[in-house]
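Engineer: this is a predicted model, with the sequence first.
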Amino acid sequence: MKHYDAIIIGAGQAGVPLAKKLAEAGKKTAIVEQRMVGGTCINDGCTPTKTIIASAHAAHQAGMAGHLGVEIGSVKVDLKKIKKRKDEIVDSFRNGAQKGIFSTKGLDLIQGSATFSGPKELTIATSTGEQLVFSADWIFINTGAQPKIPELKGLNDINYLTSTSILDLTEIPEHLVVLGGNYIGLEFAQAFQRFGSKVTVLEKSSKIMGREDEDVSSEMTKILEDEGLEILTNTTIKEVKEELKVLQIQLSSSTKTKTVKASHLLIAIGRSPQTSSLNLDIPGVKTDEQGYILVNERLETNVKGVYALGDVNGGPAFTHIAYNDYTIVYRNLIEKGKHSTKDRQVPYCMFTDPQLGRIGLSEAAAKAKGLDFKVAKIPMSQVARGIETGQTLGFMKAIVDPKSKKILGASILAAEAGEIMAVLQMAMAGGITYDKIRYGVFAHPTFSESLNNLFMKLD
Ligand SMILES: Cc1cc2nc3c(=O)[nH]c(=O)nc-3n(C[C@H](O)[C@H](O)[C@H](O)COP(=O)(O)OP(=O)(O)OC[C@H]3O[C@@H](n4cnc5c(N)ncnc54)[C@H](O)[C@@H]3O)c2cc1C
Ligand SMILES: NC(=O)c1ccc[n+]([C@@H]2O[C@H](COP(=O)([O-])OP(=O)(O)OC[C@H]3O[C@@H](n4cnc5c(N)ncnc54)[C@H](O)[C@@H]3O)[C@@H](O)[C@H]2O)c1
């Protein structure tokens, strides 16, 4: 049996950089991947969705150009070309990650599915039918998550879409029903609406973007409805069947039951950790009731020398968090640092249009904690850059501590919200108070300049 210093299961957003750095640090390392190098983010997550969203944005901008005095005639969307562009970008990112692995000395890529066969031993079933057995001092689990599929009457008898299979469509759906009204559901819903589909979003709770403040959710609902999306909250699916190639989706809501006819159904109700085939009971690695691996603040499991990074440990499911997990583990093990997940910033950005950029506390969270706080809020219709560029939807909102003048959190629902939020994130990290930003000098006319005006609202 071959022995490694370190084996990483899963070539995702934490696994690939960790494997390279460990090998560069002189550790004999292997990385095992059952599907494609790059994991979800590159292959069927961030990269493909953001290229598709860019195409949808172009279609929308073209349709709106008349408002800016530019007449460009009718807009035609070619989903085959959009997919081809998306595939080329995904391939180039994946190939880049793969090349990075191959060019790293002391690092082996093993294509296959890993499962524990001993406390520090893994058996890998390769695509060629071999069973390879390896042991390692350190084992890092970076196996990510997959779309959660609900138990719905009739679902298994139809060809429903997931966030992965929808990426391969080459014809625009006539009527796309989206089950789930959060990140995945809304990003796809708006993109396909802009490609020309009729889109209906079904959300079981009382609002879309359930973790956000009420005003964020209601503003986004209005924006999407104004664009033509149908959003049904307090609604889920009771039963689905296909008749003459048409989906008959029976809805169940607190108020009424009705049937919607649709051409396609996208399931976007969350993701489940990929842990069931790992045989975690063999090393005795503990999971929660949903299968997420339990880790401490240094990302070590209850078994010494076994770590879990990225989506699989149940932390915030974002690429930048998986990547940050890698930096914590690497710096602790190799540089003897004392880094932890405690108190790290968790920014995120939903790539709808306008985007939602979030950092720190929401207003509801500040209230729930019983904090003394103030809210600064400005509509984008009062932001010069927004007016000039025709991007006036949404608002900027920040939660501040009136005593220390520190920024506690922000919800930016605006064009380029991810970038605007990052300015506030840096201020929070560096302890720059809101009065400094209120009187700070920013280049005119930028979106960030309007942070002056945002905090002026507190005067
Ligand atoms: C549609 C969509 C859009 C997204 N958009 C964004 C976004 O815009 N921004 C953002 O920050 N996040 C986004 N995410 C989330 C982001 O993709 C994930 O948080 C991120 O990929 C998690 O990285 P990871 O390293 O934990 O796991 P993954 O990237 O999922 O990698 C896990 C890898 O492990 C492999 N694996 C699993 N089990 C085994 C096994 N037994 N043996 C060998 N290999 C195995 C898998 O094949 C996979 O390649 C999106 C997700 C989706 C689905
Ligand atoms: N821009 C980004 O950063 C980005 C984009 C896409 C995905 N992601 C990541 O992917 C993860 C998964 O995203 P997601 O949107 O699938 O999951 P989610 O858990 O964030 O949202 C799922 C939504 O579906 C609803 N829902 C659940 N069961 C339902 C049912 N039976 N009927 C109707 N509605 C139901 C939930 O109430 C919720 O609103 C997220 O946690 C996120 O971290 C991030």
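Structural biologist: Received the coordinates, thanks. Ligands and ions are numbered 1, 2, ... in the order given.
Engineer: just the helices in the chain please.
Structural biologist: Taking DSSP state H, the helices of the chain run over residues 15-24, 39-44, 46-64, 79-102, 183-195, 214-227, 319-333, 363-368, 384-389, 417-430, 434-438, 451-456.
Engineer: I'd like the ones you listed as a markdown table, with distance to ligand 2, mean pLDDT and mean neighbour count appended.
Structural biologist: Glycine gets a C-beta too; all of them are placed from N, C-alpha and C. Putting those into a markdown table (distance: least, C-beta to the nearest ligand atom, whole Å; pLDDT from 0 to 100; neighbours: other C-beta atoms under 10 Å) gives the following:
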| stretch | distance to ligand 2 | mean pLDDT | mean neighbour count |
| --- | --- | --- | --- |
| helix 15-24 | 18 | 98 | 24 |
| helix 39-44 | 8 | 98 | 25 |
| helix 46-64 | 7 | 97 | 18 |
| helix 79-102 | 15 | 98 | 15 |
| helix 183-195 | 4 | 98 | 25 |
| helix 214-227 | 10 | 98 | 17 |
| helix 319-333 | 8 | 98 | 21 |
| helix 363-368 | 15 | 98 | 16 |
| helix 384-389 | 21 | 97 | 16 |
| helix 417-430 | 9 | 98 | 19 |
| helix 434-438 | 25 | 97 | 18 |
| helix 451-456 | 22 | 97 | 20 |
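Engineer: can you tell which of the ones you listed is closest to Pro445?
Structural biologist: With C-beta to C-beta as the criterion, Pro445 lies closest to helix 384-389 of the helices of the chain, at 4.8 Å.
Engineer: follow-up on the earlier one: with distance to Ser117 as added columns, please give the helices of the chain in TSV.
Structural biologist: Below are the helices of the chain laid out as TSV (distance: least, C-beta to C-beta, whole Å):
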stretch	distance to Ser117
helix 15-24	20
helix 39-44	23
helix 46-64	33
helix 79-102	24
helix 183-195	34
helix 214-227	47
helix 319-333	23
helix 363-368	44
helix 384-389	58
helix 417-430	43
helix 434-438	56
helix 451-456	55
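Engineer: ligand 1: which of these is closest?
Structural biologist: Closest to ligand 1 of the helices of the chain, according to C-beta to the nearest ligand atom: helix 39-44, at 2.4 Å.
Engineer: do that closest one and ligand 1 come into contact?
Structural biologist: Yes: residues of helix 39-44 contacting ligand 1 under C-beta under 6 Å from any ligand atom: Gly39, Thr40, Cys41.
Engineer: please name whichever of the helices of the chain is nearest to Ile267.
Structural biologist: Nearest to Ile267, of all the helices of the chain, is helix 183-195, at 9.0 Å by C-beta to C-beta.
Engineer: got the domain ranges for the chain?
Structural biologist: Structural domains annotated on the chain: 2-146+272-333, 155-269, 354-456, as defined by automatic domain parsing.
Engineer: OK, contacts around whichever residue of the stretch 51-200 of the chain sits closest to ligand 1?
Structural biologist: For the stretch 51-200 of the chain, the residue closest to ligand 1 is Gly144, as judged by C-beta to the nearest ligand atom, at 2.2 Å. Residues near Gly144 by C-beta atoms under 8 Å, 6 or more residues apart in numbering: Gly10, Gly12, Gly39, Thr40, Pro273, Gln274, Gly310, Asp311, Val312.
Engineer: now Asp459
Structural biologist: Residues in contact with Asp459 (C-beta under 8 Å, 6+ apart) are Arg438.
Engineer: quick one: residues contacting the closest residue to Leu361 other than its chain neighbours.
Structural biologist: In space, and not counting its chain neighbours, Leu361 is closest to Gly409: 3.5 Å by C-beta to C-beta, 6 or more residues apart in numbering. Applying C-beta under 8 Å, 6+ apart to Gly409 gives the contacts Arg358, Ile359, Gly360, Leu361, Ser362, Ala365, Ala366, Ala398, Ile399.
Engineer: got a pLDDT number for the third one?
Structural biologist: Translated: Gly360. At Gly360, the model reports a pLDDT of 98.
Engineer: which residues does it form beta bridges with?
Structural biologist: With DSSP bridges applied, Gly360 shows beta-bridge pairing to Gly409.
Engineer: just give the closest residue to the residue of the stretch 1-150 of the chain found nearest ligand 2, not the sequence neighbours.
Structural biologist: Distances between the stretch 1-150 of the chain and ligand 2 by C-beta to the nearest ligand atom are smallest at Pro150, namely 4.7 Å. Here the nearest residue to Pro150 in space, its sequence neighbours aside, is Ile269; by C-beta to C-beta, 6+ apart that works out to 5.9 Å.
Engineer: and stretch 62-73, end to end?
Structural biologist: From its first residue to its last, stretch 62-73 covers 9 Å (C-alpha to C-alpha, to the nearest Å).
Engineer: how about stretch 223-232?
Structural biologist: Here the two ends of stretch 223-232 are set 14 Å apart, with distance taken as C-alpha to C-alpha.
Engineer: which parts of the protein sit against ligand 1?
Structural biologist: For the chain, the residues in contact with ligand 1 (C-beta under 6 Å from any ligand atom) are 9-15, 32-35, 39-41, 45-46, 49, 113-114, 142-144, 163, 184, 274, 277-278, 310-312, 317-320, 322, 351.
Engineer: swap in 5 Å and give it another go.
Structural biologist: Proximity of the chain to ligand 1, by C-beta under 5 Å from any ligand atom, involves residues 9-10, 12-14, 32-35, 39-41, 45-46, 49, 113-114, 142-144, 163, 184, 274, 310-311, 317-319, 322.
Engineer: show me the residues you listed that map onto strands.
Structural biologist: Taking DSSP state E, the ones among the residues of the chain next to ligand 1 that sit in strands are Ile9, Val32, Glu33, Ser113, Ala114.
Engineer: contact partners for the spatially most central residue of the chain?
Structural biologist: The chain has Phe318 as the residue nearest its centroid, 4.8 Å off, counting by C-alpha atoms, centre = their mean. Taking C-beta under 8 Å, 6+ apart, we find Phe318 in contact with Val346, Tyr348.
Engineer: show the pLDDT at it.
Structural biologist: You'll see Phe318 listed with a pLDDT of 98.
Engineer: so the closest residue to Gln193 other than its chain neighbours versus Phe188, what's the distance?
Structural biologist: Spatial nearest neighbour of Gln193, excluding adjacent residues (C-beta to C-beta, 6+ apart): Val199 at 4.5 Å. Val199 sits 9 Å away from Phe188 when distances are taken as C-beta to C-beta, to the nearest Å.
Engineer: now swap in Lys76 and tell me
Structural biologist: As judged by C-beta to C-beta, Lys76 and Phe188 stand 21 Å apart.
Engineer: ditto for Leu109
Structural biologist: With the distance defined as C-beta to C-beta, Leu109 ends up 31 Å from Phe188.
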